[in-house]
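Novice: model the following, please.
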Amino acid sequence: MESSEGFLTEQQREMLDIAPVNVEVLSSSPKSPTLKSPGAKSSSILLSDLHVKASGSGAGIAVRHVRRTHSGKHIRVKKDGAGGKGTWEKLLDTDVESHLDRNDPNYDSGEEPYELVGTAVSDPLDDYKKSVVSIIEEYFSSADVELAASDLKELGSTDYHPYIIKRLVSMAMDRHDKEKEMTSVLLSSLYADVINPTQIRQGFYMLVESADDLAVDIPDTVDILALFIARAVVDDILPPAFIARVGKMVPESSKGFQVLQTAEKRYLSAPHHAELVERRWGASTQFTVEEVKKRIADLLREYVESGDIAEACRCIRQLELPFFYHEVVKRALVLAMEIQSAEPLILKLLKEAAEEGLISSSQMVKGFSRMAESIDDLSLDIPSAKMSFQSIVPRAISEGWLDASSLIATGENGQANGPDDEKLKQYKKQIVSIIHEYFLSDDIPELIQSLEDLGQPEFNPIFLKKLITLAMDRKNKEKEMASVLLSALHIEIFSTEDIVNGFVMLVESSEDTALDILDASNELALFLARSVIDDVLAPLNLEEILNKLPPNCISGAETIRTAQSLRSARHAGERILRCWGGGTGWAVEDAKDKIQKLLEEFESSGVLSEACHCIRELGMPFFNHEVVKKALVMAMEKKNDRMLDLLQACFSEGLITINQMTKGFGRINDGLEDLALDIPNAKDKFTFSPLIEKEAVPIEERSAA
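Specialist: Alright, predicted model coming up:
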């Protein structure tokens, strides 16, 4: 309401009082929408309107403070209403520099200016994973189970515990057997104490789900993860039903499903699977086999000196290797034969261990059986060994701590039965020395000559078994030498049947071999796969070996299937040829290509010495039949005798043996029909080859390789 005398009303005065506050609010925003937003007014417009209302047309006061153009429009005034002719000055003076004094009694810290500092938002799970990785790395270095468990417990965040399982196992999968064994030991320690059973199952389920991703960086993910699951079941940290339950939750086409199938069928269904799984990575004690044997020998000698049977049993129990107690039995028997006066003490210890259940009946029988097999070798050092053993066996049976019905392949006196046993024993002794000599000299012709001098080809399968068994207990160099020798023997004196029968014997005894050679099953599978790649065995021979195995030989069947899987994998030839890290390193296709090129170079140059040098440099004497075959094909295509001259020179120098030459000619003879499609008169050229005429050997004999 307006006053007729030209004074402000109470309402107008109130509006004037709040004008500075409106100005402060509006000026605090650098981009105030007052002029653009409908219904909003600037402070200057608000005040000018106020004067218009206050003045009134009949008040007698000129409206000179309202800045308008002649068109009647408002003029934009300066910021905050300051400056300009006929305008209000700034209601708040902000030009004067001012600062807060912390010594001022009226100082308020809330008036201090502040600024926002940008920082990355961290994910608690990522930080947790990083901490877990550092703890695992430290554990792999120190092997301190208690420290690792304590550190993981201090991390807290119990909801994240399944990630510990996943990270621990996935890191171990890409490391050596030592770290894998350490991982299984740590998992058993964490169970229930740090990580509850449900979270452990969740962690393993996450691993199964991510098997396809893990396989990108770890080619043998399926086998390793299956073994971790099997070990967890054996260690009672996963229930056996876990496999069936998770199997229904993952696609059958995934690697996770393959992991579960492998764990169940290959590891958990095998006889004595607990023993096999627990020692797969070197036994849960974290001791090597040699260290365990030394500890057994030491505790037995201490017992003989002290006679304290309770202490001896305690030491045996502390080994925590119930599947390896047959070694205790065997070494105890050997010690009883070495020290005649110690025999009563030794037998008392074995009887006590059997009656307490410390050494099971099967371990006791296995120890006696091993002793019976090696009694002849032991007799060379202890002449009375056989007589002592023959007296111990009946006594143990009569006292009831040795099961006579379980003793297989031996009689009570420890002697094997059969008329040719003495001959076989002598043969085994001779071939062991021959194989040891070969490992030292790498002289294949010398070894072949030694076998021919023995003149016992009916024992060829036994030689193969002994060769590979001795190689498996040595380094990769000897394993590579054994594979190369096997190829040479197949060409020179061994038939395919000999090799098949030898591998059957090896696979049948793989469980016993694994008692001394922890990774025997996998290494035997590699030998089988390598034999197929080297053309020593045909792929169908693997099925033949499988069919010859006894029905209860489950672990042997798994070894054959592993060999088949290795052979059928992508780039299997190159990988298997280099499996022992030795040899020529040539893949079969690479070797064939190199042979083709050297023959083509010889065809153009005609330098015999250089061609022979290149063949020798191949370093594959067992593969020279390929040189013969390719040279004969080129001779038929080029219609000249240059290649035949090369073969003649190689044969004369002994570079290509008669067996390799025969095999090469035999391969051509077998493929003449296919060859005739490209070379119409191939059969005539091959039949009347000058090389055949020179050697005067009928083609029928040559092709009977």
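Novice: switch to C-alpha atoms for all contacts and neighbour counts from now on
Specialist: OK.
Novice: residue 564 touches residue 529, doesn't it?
Specialist: Yes: taking CA atoms under 8 Å as the definition, residue 564 is a contact partner of residue 529 at 6.9 Å.
Novice: need the per-residue pLDDT for the spatially closest residue to residue 634 that is not a sequence neighbour.
Specialist: Residue nearest to residue 634 in three dimensions, not counting chain neighbours: residue 643, with 7.2 Å by CA to CA, 6 or more residues apart in numbering. As summarised for this prediction, residue 643 has a pLDDT of 86.
Novice: I'd assumed residue 643 was in a helix, is it?
Specialist: Yes: Residue 643 sits within a helix when classified using DSSP: H, G, I helix; E, B strand; the rest coil.
Novice: what's near enough to touch it?
Specialist: 603, 631, 632, 634, 635 (CA atoms under 8 Å, 6 or more residues apart in numbering).
Novice: and for residue 200?
Specialist: Counting by CA under 8 Å, 6+ apart, residue 200 makes contact with 161, 162, 165, 191, 237, 238.
Novice: same check on residue 591?
Specialist: Taking CA under 8 Å, 6+ apart, we find residue 591 in contact with residue 618.
Novice: so how far is the one helix or strand it maps to from its chain's centroid?
Specialist: Here residue 591, judged by DSSP states H and E, is contained in helix 588-605. A distance of 37 Å separates the C-alpha centroid of helix 588-605 from that of its chain, computed with CA atoms, centre = their mean, to the nearest Å.
Novice: quick check: mean pLDDT of the next helix or strand after that helix?
Specialist: Downstream of helix 588-605, the first helix or strand assigned by DSSP H and E is helix 608-618. For helix 608-618, mean pLDDT rounds to 86.
Novice: hang on, the earlier thing: quick check: the residue nearest to residue 634 vs residue 669, distance?
Specialist: From residue 643 over to residue 669 the distance is 17 Å, taken as CA to CA, to the nearest Å.
Novice: what sits against the residue nearest to residue 135 when sequence neighbours are not counted?
Specialist: Across the structure, with CA to CA, 6+ apart as the measure, the residue nearest residue 135 apart from its sequence neighbours is residue 148 (6.4 Å). Under the criterion of CA under 8 Å, 6+ apart, the neighbours of residue 148 are 135, 136, 138, 139.
Novice: where are the low-confidence patches of the stretch 51-200 of the chain?
Specialist: When the per-residue scores of the stretch 51-200 of the chain are filtered using pLDDT under 70, the ranges that remain are 51-100, 109-123.
Novice: could you redo the last one with a cut-off of 90?
Specialist: 51-134, 137-164, 167, 174-182, 184-199 (pLDDT under 90).
Novice: touching, residue 183 and residue 167? I think so.
Specialist: No: Residue 183 sits out of contact with residue 167 when judged by CA under 8 Å, with a separation of 10.6 Å.
Novice: max-length helix in this protein?
Specialist: The single longest helix within the chain, with elements called by DSSP state H, is helix 421-441.
Novice: elements contacting that one?
Specialist: The elements that helix 421-441 packs onto, with contact taken as 3 or more CA pairs under 8 Å, 6 or more residues apart in numbering; DSSP states H and E, are helix 444-454, helix 460-472.
Novice: tell me which of these is the most buried.
Specialist: Most buried of the helices and strands packed on helix 421-441, by mean neighbour count (mean count of other CA atoms under 10 Å): helix 460-472, with a mean of 21.
Novice: contacts for that helix next, please.
Specialist: Counting by CA under 8 Å, 6+ apart, helix 460-472 makes contact with 428, 431-432, 435, 478-479, 482, 486, 494, 498-503, 505-506, 513, 517, 520, 523-524, all of which sit outside it.
Novice: circling back: of all the contacts of residue 643, which two lie farthest apart?
Specialist: In these, two members sit farther apart than any others by CA to CA. They are 603 and 632, at 12.4 Å.
Novice: any idea how far residue 140 is from residue 180?
Specialist: 10 Å.
Novice: comparing the two, which residue is more hemmed in?
Specialist: Using other CA atoms under 10 Å, the more surrounded residue of residue 180 and residue 140 is residue 180, with 25 against 18.
Novice: show me what contacts the more buried one?
Specialist: Contacts for residue 180 were tallied using CA under 8 Å, 6+ apart; they are 169, 172, 173, 281.
Novice: ok, residue 439 next?
Specialist: If you count contacts by CA under 8 Å, 6+ apart, then residue 439 has 478, 481 around it.
Novice: try it again with 7 Å
Specialist: Neighbour list for residue 439: residue 478 [criterion: CA atoms under 7 Å, 6 or more residues apart in numbering].
Novice: swap in the one 5 residues further on?
Specialist: For residue 444, the contacting residues are residue 485, taking CA under 7 Å, 6+ apart as the criterion.
Novice: so what's it scoring on pLDDT?
Specialist: In this model, residue 444 carries a pLDDT of 86.
Novice: quick one: list the elements packing against whichever strand or helix holds residue 481.
Specialist: Assigning secondary structure by DSSP H and E places residue 481 in helix 476-492. Identification of packing neighbours for helix 476-492 by 3 or more CA pairs under 7 Å, 6 or more residues apart in numbering; DSSP states H and E yields helix 460-472, helix 658-670.
Novice: mind putting those into TSV with mean pLDDT?
Specialist: Listed next are the helices and strands packed on helix 476-492 as TSV, based on pLDDT from 0 to 100:
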stretch	mean pLDDT
helix 460-472	90
helix 658-670	81
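Novice: for residue 375, find the nearest of the ones you listed.
Specialist: Among the helices and strands packed on helix 476-492, the nearest to residue 375 by CA to CA is helix 460-472 (17.8 Å).
Novice: tabulate the CA atom coordinates of the closest one in CSV.
Specialist: Below are the C-alpha coordinates for helix 460-472, written out as CSV (Å, rounded to 0.1, in the frame of the first residue of the first chain):
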residue,chain,number,x,y,z
ASN,A,460,63.3,-108.0,-25.3
PRO,A,461,60.1,-106.7,-23.5
ILE,A,462,61.9,-107.1,-20.2
PHE,A,463,64.8,-105.0,-21.5
LEU,A,464,62.3,-102.3,-22.5
LYS,A,465,60.7,-102.3,-19.1
LYS,A,466,64.1,-102.1,-17.3
LEU,A,467,65.3,-99.3,-19.7
ILE,A,468,62.3,-97.0,-19.1
THR,A,469,62.1,-97.8,-15.4
LEU,A,470,65.8,-96.8,-14.9
ALA,A,471,65.3,-93.7,-17.1
MET,A,472,62.3,-92.5,-15.1
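Novice: quick one: contacts for residue 368?
Specialist: Remark: with contacts taken as CA under 7 Å, 6+ apart, residue 368 is in contact with residue 330.
Novice: phi and psi next, for residue 195.
Specialist: Listed backbone geometry of residue 195 is phi -120, psi 130, with angles given as degrees, to the nearest 10.
Novice: wait, it touches residue 161, no?
Specialist: Yes: with contact defined as CA atoms under 7 Å, residue 195 counts as touching residue 161 (6.4 Å).
Novice: what average pLDDT does the helix or strand where residue 673 lies get?
Specialist: Using DSSP H and E, residue 673 sits in helix 672-675. Confidence for helix 672-675, expressed as mean pLDDT, is 80.
Novice: buried residues in it?
Specialist: Of the residues in helix 672-675, those buried under the neighbour-count criterion (16 or more other CA atoms under 10 Å) are 672, 675.
Novice: and that helix, how far out from the chain middle?
Specialist: Averaging C-alpha coordinates over helix 672-675 and over its chain gives two centres that are 45 Å apart (CA atoms, centre = their mean).
Novice: next: stretch 307-323.
Specialist: Its chain's average C-alpha position is 34 Å from that of stretch 307-323, according to CA atoms, centre = their mean.
Novice: which elements pack onto whichever strand or helix holds residue 565?
Specialist: Under the criterion of DSSP H and E, residue 565 resides in helix 554-568. Under the contact criterion of 3+ CA pairs under 7 Å, 6+ apart, helix 554-568 touches helix 520-533, helix 539-548.
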